[in-house]
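**Student:** take this sequence and fold it.
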Amino acid sequence: MNDLPNLPGIRRSPSRIVMKAREELRRAETRQSFEDGTFASNEDDGSLASYFENTSKIHEMSRSLSSFPSTAGSFNDISGRYSLRSQQQDRLNKTMSLPFSTLDNAPAFVVNTSERACKFLAYFTETIPENLNEGSRARKVEISFYLEDNTIEIVEPRERNSGLVQGKVLKRHQIAKSRSNPSEIYSLYDFYAGAVLSIYERDYTVIDCDSWTKRYLEELGVTFGEPLPLPSNYFDPKSRGSGRNSRSSTAEVDPTELHNSKKITGFHQYGRQVLRFYGVWDSQGDLFGDEIQVRLHYILADDTIEILPTFARNCGRDKVPMLLKRTKVMKMASIGEEDSMFSRPSTTTLTEGSFNGTNVPSPEKKVPLRPYHWSDLHIGDLIPVAAMNVLLIDADGFTREFYAKKQMPLGDPIVLPKKEYQKQEVTIPPHTGFGSEIDSLTSCKGSLIPMPPHKDGAKQKMYQGMVLRYLATLESNKAADQSRTFIVMIHLEDDTIQVLEPPKRNSGHKGGVFLNRVKIEPHDGSIAVQPPDIYLGATVPIFGNRFVIHDADEFTFRHMEENSRLWIHSALPLVVSKLKERQEVISRLILTTPGLATLVVNIDDLSDLFRRAGLDLVKQDIMTLLRVLDPRKTGSIKLTKILKFLMSQQK
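**Tutor:** Predicted coordinates for the structure are as follows:
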């Protein structure tokens with residue numbers, strides 16, 4: 001047990017030893033009063049009491065009682081602990097390492113894991129008494145020798161359609177060399193090139209091994225030898241044309257000569273090769289008939305045909321998996337017509353646009369002659385199958401290459417005219433005024449199940465809770481509306497507008513919510529209202545009311561200036577370019593103003609000044625200039641600041 005590493009499941013548990021050590025210590029303390037030393041003389045040197053008399057033995061016992069070593073050593077040191085850093089590196093590298101030992105000092109069952117096995121290639125020969133043409137046959141196997149416990153496993157590689165029961169021949173276990181001496185088992189030294197292993201009354205001849213096994217044998221000082229070829233009676237199912245392994249065969253033998261069955265002959269000649277043609281079955285001339293695209297598969301192994309439908313998207317048809325199950329289709333011929341096996345029959349080749357449901361030639365009275373052969377299928381042929389007349393219009397690449405190798409190239413594909421369906425236009429009725437217009441449109445478009453309108457989730461996440469507030473008045477000739485003020489709120493997360501009216505005493509209006517939160521959309525010839533359409537000096541039409549914007553809060557001004565690409569009247573370079581057009585006239589008006597040195601102007605005075613200079617500026621342009629020249633936001637500046645700003649733009 002001391003030679004084993006401290007792995008989970010075999011670690012020594014010190015709990016019992018600790019309890020016994022405490023009991024011996026207590027007894028030793030009670031007997032210290034005796035001077036004759038009978039206790040020490042009766043106990044042998046290997047008792048626990050002797051450990052407490054010798055300090056070096058106490059230190060050794062403390063190390064053996066600890067669940068982990070006292071010091072942390074290297075990564076794979078048996079005296080060191082598997083550190084947390086090493087565990088973290090294993091998790092990052094997705095590896096598993098031995099915690100408390102190295103591979104040199106570790107036991108055999110740890111070093112030789114189940115993954116470390118030597119691979120050998122061998123064969124065995126079996127007799128075939130029921131076959132007159134093939135008396136014996138060699139079969140290839142793979143032998144795995146596991147270094148962990150000297151067990152052997154034999155597997156025969158599976159070959160598709162080989163006709164043999166292949167797979168695991170012998171399960172993994174230790175194999176005795178003879179029945180007389182069961183204790184003597186096969187070891188690694190019994191495997192070399194040309195070795196014959198007698199395993200359960202069957203002789204296996206070793207002929208080759210993999211590269212890792214060869215390197216491992218060289219490290220042990222064992223010579224494997226040169227690889228040997230497979231015997232001449234070995235038949236490789238992969239090479240159907242040659243019939244034997246190309247490395248060991250000296251004469252070519254056709255595998256079809258071993259069988260007289262025509263079906264097996266075709267299978268060995270073509271294997272799983274299938275010819276694919278694309279066709280169309282047009283029955284529009286019949287009652288409830290339609291044009292169906294089909295695929296015709298011709299299996300070369302047994303000359304059978306199957307027909308599968310090809311469904312277009314949203315065609316409305318039930319997806320029937322197969323129109324014709326795999327079977328032999330008889331070729332029809334007129335009465336008295338002589339047709340050889342491989343002669344090309346007279347077919348009706350149709351050109352583009354000549355095939356429809358009404359002009360299909362009516363077949364004459366014919367009788368089944370023989371099954372269809374691949375040489376009877378060509379582009380443009382009309383194949384009668386049961387109640388269908390399938391027109392071949394195209395083939396895939398493999399089929400065209402197959403016919404080209406047989407010196408019978410297929411023609412160009414036939415392009416059928418595309419059907420033109422009348423486009424159905426949906427007429428959107430006018431909005432009734434109830435609810436949102438975009439919500440009403442969902443009842444006219446899409447599915448029959450009403451769904452909520454689509455919302456821009458990214459925009460809602462970016463502008464959530466951001467509201468622009470403007471002070472506005474009504475553009476009305478009524479005297480009662482002259483004193484009314486409104487707060488127009490723009491919710492940026494979905495571009496909805498809400499209008500509030502602050503209540504005033506004795507105004508005759510209740511105040512509160514003037515317009516619930518709604519998105520202004522175009523309907524009945526009106527214009528949609530977007531957030532960039534609202535700025536100082538703008539007139540905004542909202543459901544028959546015209547609101548004139550006069551002012552905004554600080555957050556609104558900053559948002560418009562930060563997004564001057566949308567709010568162009570908040571872009572300072574554009575405002576400066578407009579001032580430069582009439583700079584001389586503006587400077588002359590400022591210089592001729594009485595009391596220029598101490599004159600203070602506000603936004604209305606600046607609007608009047610620029611209007612007299614011939615500039616058509618909106619109130620938002622003037623506010624943008626005023627916010628730059630008035631950093632304290634007092635609402636008024638000296639007129640000389642305007643003049644200095646204009647002169648600084650000339651440089």
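**Student:** what sits up against the host helix or strand of Ile152?
**Tutor:** Ile152 is part of strand 151-156 when elements are defined by DSSP states H and E. Outside strand 151-156, the residues that touch it by Cβ atoms under 8 Å, 6 or more residues apart in numbering are 139-146, 166-175, 186, 199, 204. Using the backbone N, CA and C atoms, a C-beta is placed for each residue, glycine as well.
**Student:** mind checking which of the residues you listed are buried?
**Tutor:** The neighbour count (16 or more other Cβ atoms under 10 Å) marks Arg139, Lys140, Val141, Ile143, Phe145, Tyr146, Gln166, Val169, Leu170, Tyr186, Ile199, Tyr204 as buried among the contacts of strand 151-156.
**Student:** in a strand, that's where the fifth one is, yeah?
**Tutor:** Yes. Looking at Phe145 with DSSP: H, G, I helix; E, B strand; the rest coil, it is inside a strand.
**Student:** contact partners for the closest residue to it other than its chain neighbours?
**Tutor:** Leaving out its chain neighbours, the residue that sits closest to Phe145 by Cβ to Cβ, 6 or more residues apart in numbering is Cys118, at 4.4 Å. Going by Cβ under 8 Å, 6+ apart, Cys118 touches Ser144, Phe145, Leu147, Leu188, Phe191, Cys209, Asp210, Trp212, Thr213, Tyr216, Leu217.
**Student:** go ahead and confirm the first one touches Lys119.
**Tutor:** Yes. Contact status for Ser144 versus Lys119: in contact at 5.9 Å, counting by Cβ atoms under 8 Å.
**Student:** in stretch 193-200, which residues are buried?
**Tutor:** Ala193, Ala195, Leu197, Ile199.
**Student:** so what does the strand or helix carrying the third one touch, helix or strand wise?
**Tutor:** Here Leu197 sits within strand 196-198, counting by DSSP H and E. Packing partners of strand 196-198 (3 or more Cβ pairs under 8 Å, 6 or more residues apart in numbering; DSSP states H and E): strand 203-209.
**Student:** what does the following helix or strand past the strand it packs on rub up against?
**Tutor:** Next along the chain after strand 203-209, taking DSSP H and E as the criterion, comes helix 211-220. With Cβ under 8 Å, 6+ apart as the test, helix 211-220 has contacts from Cys118, Lys119, Phe120, Leu188, Cys209, Thr223, Phe224.
**Student:** from the residues you listed, keep the buried residues only.
**Tutor:** Cys118, Phe120, Cys209, Phe224.
**Student:** and the second one, what does it touch?
**Tutor:** Just to be clear, that refers to Phe120. Glu142, Ile143, Ser144, Phe145, Phe191, Val206, Asp208, Cys209, Thr213.
**Student:** what helix or strand does the residue nearest to Met647 when sequence neighbours are not counted sit in?
**Tutor:** Closest residue to Met647 apart from its sequence neighbours, by Cβ to Cβ, 6+ apart: Ser587 at 7.7 Å. If you go by DSSP H and E, Ser587 is part of helix 583-591.
**Student:** residue boundaries of the helices in the stretch 551-651 of the chain?
**Tutor:** Assigned by DSSP state H, counting those that start in this stretch, the stretch 551-651 of the chain shows helices spanning 554-562, 572-581, 583-591, 603-612, 619-629, 639-648.
**Student:** TSV for those helices, including mean pLDDT and mean neighbour count?
**Tutor:** TSV is the format used below for the helices of the stretch 551-651 of the chain (pLDDT from 0 to 100; neighbours: other Cβ atoms under 10 Å):
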stretch	mean pLDDT	mean neighbour count
helix 554-562	94	17
helix 572-581	90	14
helix 583-591	88	15
helix 603-612	89	16
helix 619-629	91	20
helix 639-648	87	15
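**Student:** let's have these in CSV, adding distance to Leu468.
**Tutor:** Formatted as CSV, these follow (distance: least, Cβ to Cβ, whole Å):
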stretch, distance to Leu468
helix 554-562, 4
helix 572-581, 20
helix 583-591, 31
helix 603-612, 19
helix 619-629, 13
helix 639-648, 28
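**Student:** closest to Ser443 out of these?
**Tutor:** helix 554-562 (35.9 Å; Cβ to Cβ).
**Student:** other SSEs contacting that closest one?
**Tutor:** Against helix 554-562 (3+ Cβ pairs under 8 Å, 6+ apart) you get strand 467-474, helix 619-629.
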